[in-house]
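Asker: For reference, the sequence and a predicted model appear below.
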Amino acid sequence: MLAATFFFNQADRALFGLLTVPIQGELGLTDIQVGAINTALFATLAVVTPFAGALGDRFSRKWIITVSLIGWSLFTLLTGFVGGFVGMMLFRSIAAGVGEACYVPSALPLLAKHHRTTRSLALSVHQSMLYVGLFVSGALVGALYLALGGSWRNVFFLFGALGLGLGVSFIWILKDGERESATVETPSGVWEAVKAFLSCPSALLMTGGATAIVAVNNAYLAWAPKFAMAKYSLSVGDAGTGTMTWHHAFALGSIYVSGVLTDRFAMRWPRFRLGLQMTALALGAPAVMFFGSASTPVLAWSAAALYGIARGFFEANTHASVFDVIEGRHRSTACGLMAMFAFLVGSLSPLFLGFMGERAKCAADPSGIAGFGAGFAYLGAFYIMGAACMAIAFFKTFRKDRIANG
């Protein structure tokens, strides 16, 4: 049930990027405005998620998840009615973003409490729906766009309606679990949970690594389909399939491999998660950079696939690593704070790429392809900085911060 919810969460988030070209054509939006719409969505996620995390540590996670799904699906549907930039900002970015932000901080701790020795694999199965949602969305949205009369509005109507149906069903079929520990009878206070996160050096360094992942992912989701369409003269469906399917298919495979490997070795070598994440970021940086300069679609999809492998190995352990150093009763708040920092910084990357593309436009390059290519090259530096954060945690802080039998 949670996997199905996460599928809709990620497929919905991909809609705007996949349909950017027809939306821009109808509404007359500039690249900077498109970047601002994406930035506003991720900034909304950053601001709302810590509050959602605090709620998840104190109230019914079933109802938080259910209302979240119904909320973002409703505003996805309403996005099909907007007539310009302001409407997109309000419905697509802010309102839908509030709904999406409330899901993860309640869903992940609900999974983690049931899994100790299999935690990485359990969270990997859930995280895999992010990739399934995104790589299916490329081909699916392209096909639906054509089947629904070449109308981007109808695609939003359909996705919103399907999400609403799933959300309403959760009222009866989704069940709450018990709280994290039998030794903790009452939920933690908000400030106590915030202090536990902010006073843990390893958690802050892991957040630095997650921020690198989020910044690159946000920019890729927002601009990769349009960049591929313009650079290689592809259709909406072909560009969406190439950028989304290849990248997320390889990420899906690597996240399962990573989940199994980590659960096998982390019990004997607790720092294994961090070492794997550090290596993934270091090796993923060149792939991100190469995507922006690839001369053919085949090379671009190859770079996207390699970037997907690195992403999967990291994201299989994003929250499992933090759960190694944060007590169970604080984990919803920790998830919220981690997402806040990551999305607050990562929200700027779509706007940055939009600015780079707009600045590079000229008579010989009306789509700003050179600017987008350079922007992706710069984003590779985020991976290098993230790898440095994970390295500090690996070598300096994790042994002290780790919670035994967490």
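Answerer: Arrived safely, thanks for sending.

Asker: Next up, identify which helix or strand residue 283 is on.
Answerer: Using DSSP states H and E, residue 283 falls within helix 272-291.

Asker: Report the next helix or strand after that helix in sequence order.
Answerer: Next element after helix 272-291 (DSSP H and E): helix 297-315.

Asker: Can you tell me which helices and strands the next helix or strand after that following helix packs against?
Answerer: Once helix 297-315 ends, the next helix or strand along the chain (criterion: DSSP H and E) is helix 318-323. Applying 3 or more C-beta pairs under 8 Å, 6 or more residues apart in numbering; DSSP states H and E, one finds that helix 318-323 contacts helix 104-112, helix 119-147, helix 201-232, helix 272-291, helix 331-346. Bear in mind the C-beta positions are built from the backbone N, C-alpha and C, glycine included.

Asker: Including mean neighbour count, mean pLDDT and distance to residue 4, could these go into JSON lines?
Answerer: Below are the helices and strands packed on helix 318-323 laid out as JSON lines (neighbours: other C-beta atoms under 10 Å; pLDDT from 0 to 100; distance: least, C-beta to C-beta, whole Å):
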{"stretch": "helix 104-112", "mean neighbour count": "25", "mean pLDDT": "78", "distance to residue 4": "11"}
{"stretch": "helix 119-147", "mean neighbour count": "22", "mean pLDDT": "78", "distance to residue 4": "7"}
{"stretch": "helix 201-232", "mean neighbour count": "25", "mean pLDDT": "92", "distance to residue 4": "20"}
{"stretch": "helix 272-291", "mean neighbour count": "23", "mean pLDDT": "94", "distance to residue 4": "27"}
{"stretch": "helix 331-346", "mean neighbour count": "26", "mean pLDDT": "84", "distance to residue 4": "20"}
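
Asker: Distance to residue 385 added to the ones you listed, as CSV?
Answerer: What follows is these, written out as CSV (distance: least, C-beta to C-beta, whole Å):
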stretch, distance to residue 385
helix 104-112, 23
helix 119-147, 22
helix 201-232, 6
helix 272-291, 9
helix 331-346, 11
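
Asker: returning to what we had before: I'd like to know which elements the helix holding residue 283 is packed against.
Answerer: helix 201-232, helix 246-265, helix 297-315, helix 318-323, helix 369-392.

Asker: could I get these as JSON lines with distance to residue 343?
Answerer: Listed next are the helices and strands packed on helix 272-291 as JSON lines, based on distance: least, C-beta to C-beta, whole Å:
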{"stretch": "helix 201-232", "distance to residue 343": "6"}
{"stretch": "helix 246-265", "distance to residue 343": "19"}
{"stretch": "helix 297-315", "distance to residue 343": "15"}
{"stretch": "helix 318-323", "distance to residue 343": "13"}
{"stretch": "helix 369-392", "distance to residue 343": "14"}
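
Asker: Among the ones you listed, single out whichever gets nearest to residue 65.
Answerer: Shortest distance between residue 65 and these, using C-beta to C-beta, is found for helix 318-323: 16.0 Å.

Asker: Show the contacting residues for residue 94.
Answerer: Listed by C-beta atoms under 8 Å, 6 or more residues apart in numbering, the contact set of residue 94 reads 40-41, 44.
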